[in-house]
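K.L.:
Sequence first, predicted coordinates after that:
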2 protein chains.
Amino acid sequence: METKNNKILLCEDDTNLGMVLKNYLELSDYDVTLERDGRLGLAAFQREKYDICLLDVMMPNMDGFTLAEEIRDVDPDIPLFFLSAKTMKDDIIQGYKLGADDYITKPFDSEVLLLKIKAILKRNEELNREADNMQFDLGKFHFNPKLRELVADGKTQTLSPKENELLKMLAEHKNDLLPREKALKKIWGSDTYFNGRSMDVYIAKLRKYLREDDSLEIVNIHGNGFRLVVNEPPAS
Amino acid sequence: METKNNKILLCEDDTNLGMVLKNYLELSDYDVTLERDGRLGLAAFQREKYDICLLDVMMPNMDGFTLAEEIRDVDPDIPLFFLSAKTMKDDIIQGYKLGADDYITKPFDSEVLLLKIKAILKRNEELNREADNMQFDLGKFHFNPKLRELVADGKTQTLSPKENELLKMLAEHKNDLLPREKALKKIWGSDTYFNGRSMDVYIAKLRKYLREDDSLEIVNIHGNGFRLVVNEPPAS
DNA sequence: ATGATTTTGAAAATGGGATGACATCGCAGC
DNA sequence: GCTGCGATGTCATCCCATTTTCAAAATCAT
């Protein structure tokens, strides 16, 4: 299996600095997408998956902090890295620094930036490796998201990507509420009418698969979301 | 259907500044409602839920401080943010500042305003997260507001949103008075005749659910409100 | 192209809240 | 104690929003 290059989303309104950085990072074998403001950055993020985001704090249309929140909303785990001008009030920065994986003030040394990025990606890779092999026992089913397989008795049901993502989120929230909006943002990228419709269709499909085991149930919580209920039958 | 962004209520009588601010904040992806005086601001607040209120101090019909009090009456926890003219004596501001989460004097830098808003919202979000998983034991019932579930013995009663909110408020005031007006303002947005009627209907519904346990009782305190009484039966 | 997957559209089913009708209750003033 | 009136209690019903389901149509992956 070939190594897929790490993909970086870089949002920076200074075209000059942006290009320099992009080129520099590409020399180190990253795939860099450069966007020149917050809105475009968010659009890019929704279009594709990235391994890390480098966000300038001060940008037109949407500042880096806001963009960071939007991104976290879609993917709570993706590493975020802020580039900020020195002028910014430190205390305000301080608050946001917490939500960031790292943070660097301009002007900065590209060398240092690169090292920090490497460090973050490395740390994150390990976490991803764990999450990667996450599996679930749901009633008599065994669910392996990586293989998109749902196994019961002898039979294996292969899930479509969307079915798989949705069931994974439900399983991660087992017995707890999975808010509609959260799933929509994460899986469909945004919470729109038609995406909601689509999601309902997938809920129906998953229900059909799970129907085989009475102890499993996807319950709707009106106006809020869904809940995968697993009734462990007490050994009587 | 729109994505659920943070909603801001902006009350500012200077139409010009108001629109500029509204547009600016909308660029950062907030849903902004602009009202041009205190009265309209209060009406808007009762109509919808907001995450933060930005109030001009000097406004026709109802000034920002008075409006702030009315708003606090409905929701004691919502962050309030005052916009005040530079001319105002700092000590006066100081006095009122107590009730405010932050304030800023005109003219101001939109960038700074935005960051302050974000800081407040962020802080508040953390508080909300705690409250999120609050649960209650009421007699033989277990009440989980997040799932809108009321469980007793094996049976689960799913509550409607209104039932849920009301029971939550009662539970928060367990054995203590829940003033009618407070519940009406918080849950229905305002204390009107019909909302009062509606609330009584919901009290009736809750009583029906709770009837199952004799140690529980929702008592009316004539002219004042309700009280959820929990008689812990002494281990005899 | 072909079959699988996903989106779109619309109608049916369900959940949920407001409201009107009517019964009761609580309390103040007689 | 009795009376009257405003405050509560309960039902049934109407109306709207959300969810579910079904059936294309559109898109995607070979």
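P.N.:
Structure received. Residues are numbered from 1 along each chain as shown, chains lettered A, B, ... in the order given.
K.L.:
Ramachandran angles for the spatially most central residue of chain A?
P.N.:
In chain A, the C-alpha nearest the mean C-alpha coordinate belongs to A:Asp75, at 2.4 Å (C-alpha atoms, centre = their mean). Main-chain torsions, A:Asp75, degrees, to the nearest 10: phi -140, psi 100.
K.L.:
State the pLDDT value of it.
P.N.:
In this model, A:Asp75 is scored at 80, pLDDT.
K.L.:
Wait, it touches A:Lys186, no?
P.N.:
Yes - look at A:Asp75 against A:Lys186 with C-beta atoms under 8 Å: they come within range, at 6.8 Å. All C-beta spots, glycine's among them, are computed from the backbone N, C-alpha and C.
K.L.:
rewinding a little: dump the residue contacts of the residue nearest to the centre of chain A.
P.N.:
By C-beta atoms under 8 Å, 6 or more residues apart in numbering or on different chains, the contact set of A:Asp75 is A:Lys186.
K.L.:
That one and B:Asn175, how far apart?
P.N.:
Distance of A:Asp75 to B:Asn175, given as C-beta to C-beta, to the nearest Å: 44 Å.
K.L.:
cool, and A:Gln157?
P.N.:
Using C-beta to C-beta, A:Gln157 is found at 52 Å from B:Asn175.
K.L.:
again, but for A:Ile218
P.N.:
38 Å.
K.L.:
Looking at those two, which one has more neighbours?
P.N.:
A:Ile218 (17 against 11; other C-beta atoms under 10 Å in any protein chain shown).
K.L.:
Which of the helices or strands spans that one?
P.N.:
Using DSSP states H and E, A:Ile218 falls within strand A:216-221.
K.L.:
Parallel or antiparallel, list what pairs with that strand.
P.N.:
Applying DSSP bridges, strand A:216-221 is found paired with strand A:225-230 (antiparallel).
K.L.:
where along chain A do the helices fall?
P.N.:
A:15-27, A:38-47, A:64-74, A:90-97, A:110-132, A:161-172, A:180-183, A:193-210 (DSSP state H).
K.L.:
which helices and strands sit right next to the fifth one?
P.N.:
Under the contact definition 3 or more C-beta pairs under 8 Å, 6 or more residues apart in numbering or on different chains; DSSP states H and E, helix A:110-132 sits against helix A:15-27, strand A:52-56, strand A:80-85, strand A:102-106.
K.L.:
now the angle between helix A:15-27 and it, please.
P.N.:
Orientation check (axes from the mean of the first three to the mean of the last three C-alpha atoms, to 10 degrees): helix A:110-132 against helix A:15-27 gives 60 degrees.
K.L.:
can you give me the offset of helix A:110-132 from its chain's centre?
P.N.:
Mean C-alpha position of helix A:110-132 versus that of the full chain (C-alpha atoms, centre = their mean, to the nearest Å) differs by 15 Å.
K.L.:
hmm, who's touching that helix?
P.N.:
Here helix A:110-132 has contacts from A:6, A:8, A:20-21, A:24-25, A:28, A:30, A:51-52, A:54, A:77, A:79, A:81, A:101-102, A:104, A:146, using C-beta under 8 Å, 6+ apart.
K.L.:
do the shortest one as well
P.N.:
For helix A:180-183, contacts defined as C-beta under 8 Å, 6+ apart pick out A:166, A:169, A:191, A:196, A:199, A:224-226, B:3-4.
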